[in-house]
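Novice: Fold the following and give me the result.
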Amino acid sequence: MKKMKLLAVSLLAACSTWAMAQQPIVIKFSHVVANDTPKGLAAEYFKKKAEDYTKGKVKVEVYANSTLYKDKEEMEALQLGAVQMLAPSLAKFGPLGVKEFEMFDLPYIFDNYDQLHKITQGPIGESILKKLEPKGIRGLGYWDNGFKSFSANTPIKQPTDLKGKKMRIQSSKVLEAQMRALGALPQVLPFSEVYQALQTGVVDGTENPISNLYTQKMFEVQKHLAMTEHGYLGYAVIVNKKFWDGLPPDVREQLEKAMKESTDFANRIAKHQNDQDLEKVKKSGKTTVYNLTPAEREAFKKALLPVHKEMAPRIGPELLQQVYADLAAPSKAAAKKK
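Specialist: Below you'll find the model as predicted:
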């Protein structure tokens, strides 16, 4: 009888071990925007690819729209291991102590996506991601959203139109300096609180890529949008380094493959998504969309470019010189044509 009991216990233990071995590795992927934004769509794309490539060894749980953590909480949650993957906006890393990321917040540093991708897909972008590792974070890649434009309840055609306006920003010293350069009053607010703040008049306006303005319904409470496209908003996909390093090598290799494809997907759809959402904003009839003349655009540039010099000591003068040199150099495609 005793032998039978021991056999039963052994079998139970073996079954439990087998069951545990079959349990998928869970990746909780938290973000603060809607599912139908470039980041939201890319997160769902990564989930599908990761689960397919690992043949069920990994389960990705995507939590959109701040349903798991708000943007003020998510970074600490990642470092503590409560969540495994995030895609915070690049402005979030300055307050973490990695000030090089604030280079991406500089107004008018990139004129287009080609210039942007020279940095995010090149050695400079990679070296900036590596600076997260001492913080217990591994950077996996950059995902685009798009270029930001100013909105408010009064027309915006020149820099002085924002003077005295309370403008919502992310927590970023560069964005504070940007708003001050326009005579505006920067107001730091979590993304999830922006709609209500605009609705109740806590702030007068904001800056966003069009996909955020549309999916968060901010256009319902902003009468005017000026297509300044003055700054870039993108994300770094990051993981808890201890979690990532502890994955079986074959699983990590498949996840890296899934992430590379998801990054290509995210950056391929970003501009298209923003263009589509701009048409939806126009059709809503709630927001007047204004396209700046070349002279008006130059006036905004003239007002905002001094922010580069002001912020250089904080971001790193050497880094900025490297970025300027890379942007000035001909692209590989252009060089081949010659």
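Novice: check contacts around the residue most central in space within the chain.
Specialist: Nearest to the mean C-alpha position of the chain, by Cα atoms, centre = their mean, lies Tyr235 at 2.2 Å. If a contact means Cβ atoms under 8 Å, 6 or more residues apart in numbering, then Tyr235 has 39, 87-90, 142-145 as its contacts. C-beta here means a position set from N, CA and C on the backbone, and glycine is covered the same way.
Novice: got it, and Leu319?
Specialist: Residues in contact with Leu319 (Cβ under 8 Å, 6+ apart) are 100, 103, 124.
Novice: which residue sits closest to the first one, ignoring its sequence neighbours?
Specialist: Leaving aside its sequence neighbours, Glu100 sits nearest to Ile128 (Cβ to Cβ, 6 or more residues apart in numbering; 5.0 Å).
Novice: part of a strand, is the one you found?
Specialist: No: counting by DSSP: H, G, I helix; E, B strand; the rest coil, Ile128 is not part of a strand but helix.
Novice: per-residue confidence for it?
Specialist: You'll see Ile128 listed with a pLDDT of 97.
Novice: ok, now Ala64?
Specialist: According to the prediction, Ala64 has pLDDT 89.
Novice: Measure how buried the residue lying closest to it once chain neighbours are set aside is and give me the count.
Specialist: In space, and not counting its chain neighbours, Ala64 is closest to Asn35: 4.9 Å by Cβ to Cβ, 6+ apart. For Asn35, the count of nearby residues is 14 (other Cβ atoms under 10 Å).
Novice: Can you verify my assumption that Asn35 contacts Lys47?
Specialist: No: with contact defined as Cβ atoms under 8 Å, Asn35 does not reach Lys47; the gap is 11.2 Å.
Novice: what's the pLDDT at Ser192?
Specialist: Among the per-residue scores, Ser192 holds a pLDDT of 88.
Novice: Over to Ala21?
Specialist: Turning to Ala21, the model gives it a pLDDT of 52.
Novice: and what of Leu327?
Specialist: According to the per-residue confidence, Leu327 scores 96 in pLDDT.
Novice: Give me the below-cutoff pLDDT ranges for this structure.
Specialist: Applying pLDDT under 70 to the chain flags the ranges 1-21, 331-338.
Novice: can we see that at 50?
Specialist: For the chain, applying pLDDT under 50 flags the ranges 1-20, 334-338.
Novice: Which stretches in it count as strands?
Specialist: 25-30, 58-63, 85-86, 137-152, 166-169, 185-188, 205-208, 224-240, 288-290 (DSSP state E).
Novice: for the longest one, which positions count as buried?
Specialist: Of the residues in strand 224-240, those buried by neighbour count under the rule 16 or more other Cβ atoms under 10 Å are 224-240.
Novice: quick revisit: between the strands of the chain, which gets nearest to Leu320?
Specialist: strand 224-240 (14.9 Å; Cβ to Cβ).
Novice: before we move on, back to that, with distance to Glu256 and neighbour count as extra columns, can I get the contacts of Leu319 in CSV?
Specialist: Converted to CSV, the contacts of Leu319 look like this (distance: Cβ to Cβ, whole Å; neighbours: other Cβ atoms under 10 Å):
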residue, distance to Glu256, neighbour count
Glu100, 23, 19
Met103, 26, 24
Ile124, 21, 17
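Novice: export these to TSV and tack on distance to Leu175?
Specialist: Putting those into TSV (distance: Cβ to Cβ, whole Å) gives the following:
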residue	distance to Leu175
Glu100	16
Met103	12
Ile124	21
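Novice: measure the closest residue to Lys301 other than its chain neighbours to Glu193 for me?
Specialist: Closest residue to Lys301 apart from its sequence neighbours, by Cβ to Cβ, 6+ apart: Tyr108 at 5.3 Å. Counting by Cβ to Cβ, to the nearest Å, the gap between Tyr108 and Glu193 amounts to 28 Å.
Novice: If you count surrounding residues, which of those two has more?
Specialist: The neighbour comparison of Tyr108 against Glu193 (other Cβ under 10 Å) goes to Tyr108, with 20 against 16.
Novice: ok, so of the contacts of Leu319, who is nearest Gln187?
Specialist: Closest to Gln187, out of all of those and judged by Cβ to Cβ, is Met103, at 23.0 Å.
Novice: give the contact list for the closest residue to that closest one other than its chain neighbours.
Specialist: Excluding its sequence neighbours, the residue lying closest to Met103 (Cβ to Cβ, 6+ apart) is Ile315, at 5.1 Å. By Cβ under 8 Å, 6+ apart, the residues touching Ile315 are 99-100, 102-103, 106, 174.
Novice: if we can go back for a sec, the residue nearest to Glu100 contacts Phe101, doesn't it?
Specialist: Yes: assessed by Cβ under 8 Å, Ile128 is found in contact with Phe101 at 6.3 Å.
Novice: between the two, who's got more neighbours?
Specialist: Taking neighbours as other Cβ under 10 Å, Ile128 and Phe101 compare with Phe101 leading, 25 against 22.
Novice: In CSV, list the C-alpha atoms belonging to stretch 157-167.
Specialist: Taking only C-alpha atoms (Å, rounded to 0.1, in the frame of the first residue of the first chain), the coordinates of stretch 157-167 have been written out as CSV:
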residue,chain,number,x,y,z
LYS,A,157,-0.9,80.6,-38.0
GLN,A,158,2.2,82.1,-36.4
PRO,A,159,4.3,81.5,-33.2
THR,A,160,2.7,84.4,-31.4
ASP,A,161,-0.7,82.7,-31.7
LEU,A,162,0.4,80.4,-28.9
LYS,A,163,1.6,83.1,-26.5
GLY,A,164,0.0,82.7,-23.1
LYS,A,165,-1.7,79.4,-24.0
LYS,A,166,-1.5,76.5,-21.5
MET,A,167,-0.2,73.7,-23.7
